[in-house]
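Novice: How does the following fold in three dimensions:
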Amino acid sequence: MFRALSSIYCILYMVWIVKGNGIYSVVAPKTLQSNQKYSVSVTLHDGKQPTTFKVGITGPSYNHWETVNLSPMQTSQIDFMLPELDEDSYRLVAKAIEGFDFENSTQLQVAHSKPKIYIQTDKAIYKPGDLVQYRILILDENLRPIKLKQTLKIKIKDAEHNLVKDTKDVELIKGVFSDKLQLTQQPILGVWIIEVGLDDRIEKTKEFEVAKYVLPKFSVDIDTVTDLAITESLLKVTIRAKYTYGKPVKGKATVTLSPVNLEKTTDVNGKGHVEFDLQQELKSVLKEGVVKILAVVQEELTGNRQNSTVIVNLYSSQYTIQVPDPVTEFEPNKPFEVKAVIKYLNGKPVRDSKTPVLLKYYQGWGENVAVETFTANLDDFGVAIFDVKLPAAKVFRCEIKFADKTLQLLSLHPKMHSDDLTETVAELTLTSVHKSPHVGEDVSVAVKAPKPFSYLVYTIVGRGNLLEMNNIHLPNPQNFYTITFKATFEMIPNAQVFVYYVDKGDLKFAEISIRIEPEFQNEIEITGPDTAKPGQEITLNVKTDPNSYVGLLGVDQSVLLLKSGNDIDPRAILNDFKTYEHKATLTHRNVYKIPGENSGLVVMTNSHYPYKVFNVFMDRHLYLLRAPSFNIMPYSIQAVSRPSAESFTPLAEPPKIRKNFAEVWLFENLDDNNKTGFLTLTKNLPDTITSWVISAFAVNEKTGLAVTENPFKINVFQPFFIDVNLPYSVKRGEVIAIPVIVFNYMDKLLDVEITMDNTDKEYDFTEVTNEIEDSILDTPKRIKRISVLPNSGESASFMIRPTVVGDIELKIKAVSPLAGDAVHKKLKVEAEGVTQYKNEALFLNLASKESQKSLLEATIPMEAVKDSEYLEFSVVGDLLGPTVKGLNELVRKPYGCGEQNMVNFVPNILVLRYLEAMSIDMPGVVNKAKDFLEIGYQRELTYKHKNGAYSAFGEGRSTPNT
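Specialist: Take a look at the predicted model:
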C-alpha cells in the first residue's frame, strides 16, 4: 500500500514538473519579526527562459509585494521592511507572472521583538539617607541604541509597594538614561524595586535593598573540589581570608559540613586547612548526594565574623562515562562502531589499559534475557572503541560498564527495511571546519555529496533573520566544496547554514548549526594605577570605540562582599541571545526530514525531496537530587593575648586626617564628543583603606554595547593605618567601647600612641566601673599606648558615653616614630526612650481683618528625655505673589509628623507650578524642590495605613483621618 502511494506521488510529481516547465525554490525565515527586515531568497534552478517572480507577504496589517526577474540558475534576495504587526495569520506567497505558471504559499509565524533593557544601580544595598544612583539601558536586538516608539516610564516603589518616584517623558542619550533618588533618614526598610515600562506595560524590574548595616572588612573563600567520589579517603578544605586591601586575616575558622553535622576548627593566618575522612565520617551516613561546606572566620582583633559556603557533589564512583555519538539504530548482522570516553570526575582522561570496558546489550525480560557482551580497552586518551555486530531483534537495552561505574544508554532499534521506506537518495553532509569561531573570523563548511554537483545555493540564518545567501557555480562538477563566510555579531549565538541544489528534479539539501563565540562587537578597556594611597588624585583611561557613551562605576569592595547584583552582567547579556536559538520540534519515532526545518526556514519548491524515515525517539531518565536540611554548629572562639606597650617617641609631622569614607567613588557618565575612543577621568580617591572595584560599559550607535568582563581594581593602601569598628547606631547615654585597631605592615615593631580627641564635647569618656572621677568625664582627650609587631595588628578600646543626639564625630589619631594615621568617623546617636507625638494646627484667614493673633503652646512633660524635644512651626502663605524674591526660602525639606510633613511638602509643589506658569528660569530652586518632593513623599508614606488612609503618626499610633 505504502509503495503504491509512493509510486502515484512520483507520477504526479513528474507530470507537474513537465507542466511547470521549470524548477524554483523560495527560502525564507518562518517567523516575521515586527519592525525588522525580512529577507527572502528566490532561485530559478532550471528553466528554458527567464522568469518574473512575484513574492509577497499577506496578512491583516501588512500586505506587500515585490517582483524579481531571474534567469535560469540564478538566485536573488528580496527584502521587506516590516512595520509593527498585529497578532494574526500571515502568509508568504510566491508566483510566476512570466516564464512559467506556478503559485505557492505557506503560513508564517509572528514574533514581536522587544527592546533589550538593562538596569544598573551603584549599589545593591543602601542605608537610610543614602543617594540611590541608577542607569537604564534601552537597546535593540543587536545591542545598539534604539529609537523607541513607545512611551518610556520609570517608577521606583518602596518595600510596601508605595510609588516613590514616577519619571515620565524620559530622554535617552545613546540608549542610556541616568538618574538618582535621595533616600530620607527614615525610609521604609526592605526590598525596593525599579520598574521600567513601555507605554503601560512593565518590561523590566530590578530590586535593591534599604537596610541598616555595617560593611564587612574582609572576605572568606573556600578552596576544595566540587565533585568527589565517596570512595576517596579525604575531603580537603582550604579556608582563605583576606582584608579588602589584600592583606591576610588572622583568626579562627569553623568549618561545618551539612547535612551530616560535622564541625572542625582551625587557626587562620590568611589561610587554614581542615580535612574530613570520607571513609570514617561520611561513608556510613551518605553514599551519594550533596554536602554543604560552611566556613565562618572570626577575626582575632575585633571578633567580627564573615562566612562563605560551597557545595560539594558526592558520587559513588570516581569515573564518568560519555558516549559522544550514541547509536540508536542498527542493521542486523552488520558491524558498527561505538565509542566511549572514560574520565575522572575532574575531567582528566583515565589511562588504565588493564581494566576492561564492557558494552552490554540486553534483549528480552525476566528469565528470557539474552546478553550480548563486547569488550574494549582504554587508550592513552581514555577512549574505548567497540566493534559491534548484533542479531535481529525488536529492541536492545544498552549499558557500558567500567570498574564500579555503569552508564545506561539509549535503547537500540533496528533500521526499518527499505521496502517500508519511500525511495530515497543519498544525502548531502555538512561539516564545520572551525569550532566556535569568534566574530570576524572566517568560518568554513565542508559540503560533501555522493554524486558530483555543478552548483549549490546556501543561506545563513542568525537569530531568525536571513543574513547571507549565495549561488555558487562550479567550473566542473565535483563531490566536494568548501563554503567560507565571515562570522558576524548578528550570527550570535548560532549560525544556521542551509545548503541545497536540484539534481534531476530532486532537491538535495543539508543543514548545520555553528556556534559563534558570544562576545560584544564594541570594546571597552580601563587602565590606571593598580595601587594608590588614600585620598590620592588618580587618572583613569578608558578606551572604547569612537563616539561611544561610557558609564563608569567604582564601588568599595566591602559593599560587594555584603551584597552584589547591582551591576550589569556581561554574561547574562550574552546569554540573552540564547532565546533566539531555533530548535526543531521532536515528534514521534518515524518522522520525515523537512528542508529548512532545523534552521527555522520555510522552503517552497516544485522540486522533489525524497523523504527518509529516521529514528528520533529517545528514552531518558532524569534524577532529581535534593539536599536535606542542615544545622549550623556553634562557633568556637578563643581568647588572644596582647603584647605589652613599650616606651614611645612621637612622630615629628602630624599625620594626614582621613575622613572621606564614601561607599561609592564613581558614578560618572562620559560622552566621547571628540570621537577619538579615548577618554580620561581624574578624581581623588576616598580615604578608605580598601580595594575599589571599577566597571564600565560603552554604547555605540554602530557597534553597540560593550561591558567590562573583568572589573579594574585599585588597591588603596598605606603600611600604617587605623581601623575603627563602629556599630550602625547607638543610644545616647549608652556606654560603648570604641575598638581602634592599628595595623603595622612595616618591617619593624612600632610603639604607637593612640589619641582620641573629645574637644567637641559630644560624648564623655568613661570606664567599666561604677566609680568614675569627674576628671575622667571632663578630659578633652584620652591616650593609650600599644606595641604593634611587624605585619600585624593590635587593638585598643576607648569607653565613651554619647551625650548628644545626631551624628557625632570621633577623632582618633595614632602615631609612631616611623608613621602615623588619623581618622574622623561619624557615629550615629539616637535618642533614648520611646517617641511621643502631638500636633496642633491653626487656620489663618485674613479675608475680613488685617491681622490675627493666636497662641500655640507645646506642653513638654517633665519626664521627657532631655534634648529629644522636637518642635516645628510652619506657616503656609500666598506663594503666588508678583515677585519671586524669597522663593528659595519656601523650598524646604519636609520633616516632622504626617501633618507637619505635608505642611512643608506642599510649598515645594506650589513653587514648581508657579515657576512653570510664569516661565521663570530658576534651575537651582527647581532641582532643590524636586529633591525635597521626593524626600517628603517618601516620608509621608511612613504614615500610611494598610487600608490606604493616612494619619499624623502612622499605623498603630494614631487613627487614620485622611
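
Novice: Could you use CA atoms for every contact and neighbour count after this?
Specialist: Fine.

Novice: Please tell me how far residue 411 sits from residue 384.
Specialist: 20 Å (Cα to Cα, to the nearest Å).

Novice: Show me where this structure has its helices.
Specialist: 2-20, 557-562, 570-575, 774-778, 887-890, 898-917, 923-941 (DSSP state H).

Novice: tell me the contacts of residue 861?
Specialist: Shown in contact with residue 861 (Cα atoms under 8 Å, 6 or more residues apart in numbering): no residues.

Novice: and the gap between it and residue 731?
Specialist: 21 Å.

Novice: now the strands: where do they sit in the stretch 451-600 of the chain?
Specialist: Using DSSP state E, counting those that start in this stretch, the strands of the stretch 451-600 of the chain run over 465-486, 494-503, 506-515, 524-527, 531-532, 537-544, 549-556, 590-592.

Novice: which residues are in contact with the second one?
Specialist: This points to strand 494-503. Outside strand 494-503, the residues touching it (Cα under 8 Å, 6+ apart) are 45, 453, 455-463, 507-516, 581, 596, 599, 607.

Novice: re the thing from before, worst mean pLDDT among the helices of the chain?
Specialist: Looking at the helices of the chain, the lowest mean pLDDT belongs to helix 2-20 (a mean of 39).

Novice: So the chain: which segments form each domain?
Specialist: For the chain, the structural domains run 2-111, 119-210, 218-315, 319-403, 736-830, going by automatic domain parsing.

Novice: Including mean neighbour count and distance to residue 947, could the ones you listed go into a markdown table?
Specialist: Output for these, formatted as a markdown table (neighbours: other Cα atoms under 10 Å; distance: least, Cα to Cα, whole Å):
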| stretch | mean neighbour count | distance to residue 947 |
| --- | --- | --- |
| domain 2-111 | 17 | 40 |
| domain 119-210 | 18 | 12 |
| domain 218-315 | 19 | 41 |
| domain 319-403 | 16 | 58 |
| domain 736-830 | 18 | 31 |
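
Novice: out of these, nearest to residue 846?
Specialist: domain 119-210 (35.6 Å; Cα to Cα).

Novice: Just the terminal-to-terminal distance for the closest one.
Specialist: 17 Å.

Novice: and if you look at stretch 375-395?
Specialist: End to end - Cα to Cα - stretch 375-395 spans 21 Å.

Novice: Now tabulate the strands of the stretch 451-600 of the chain in CSV and tack on distance to residue 141, mean neighbour count and mean pLDDT.
Specialist: Listed next are those as CSV, based on distance: least, Cα to Cα, whole Å; neighbours: other Cα atoms under 10 Å; pLDDT from 0 to 100:
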stretch, distance to residue 141, mean neighbour count, mean pLDDT
strand 465-486, 11, 15, 94
strand 494-503, 15, 24, 94
strand 506-515, 18, 20, 92
strand 524-527, 20, 19, 96
strand 531-532, 39, 16, 96
strand 537-544, 21, 16, 96
strand 549-556, 18, 22, 97
strand 590-592, 33, 13, 48
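
Novice: Is residue 221 bridged to anything, and to what?
Specialist: residue 240 (DSSP bridges).

Novice: Quickly list what residue 494 is bridged to.
Specialist: residue 515.

Novice: what about it, distance to residue 578?
Specialist: Going from residue 494 to residue 578 by Cα to Cα gives 9 Å.

Novice: same thing with residue 669?
Specialist: 30 Å.

Novice: again with residue 867
Specialist: In terms of Cα to Cα, residue 867 sits 62 Å off from residue 578.

Novice: and those two? which has more neighbours close in?
Specialist: Taking other Cα atoms under 10 Å, residue 867 and residue 578 do not tie; residue 578 has more neighbours (14 against 10).

Novice: For the more buried one, give me its contacts.
Specialist: residue 493.

Novice: Could you shift the numbering so residue one becomes 51, and keep it that way?
Specialist: Yes, from this point I'll number from 51; that puts the last item at residue 628.

Novice: Show me the beta-bridge partners of the nearest residue to residue 746 once chain neighbours are set aside.
Specialist: Among residues not flanking residue 746 along the chain, residue 602 sits closest, at 4.5 Å (Cα to Cα, 6 or more residues apart in numbering). For residue 602, the beta-bridge assignment (DSSP bridges) gives partners residue 718, residue 746.

Novice: One more: residue 298?
Specialist: The partner residues for residue 298, given DSSP bridges, come to residue 292.

Novice: ok, now the one 4 residues further on?
Specialist: Note on residue 302: beta-bridge partners residue 317, residue 348, judged by DSSP bridges.
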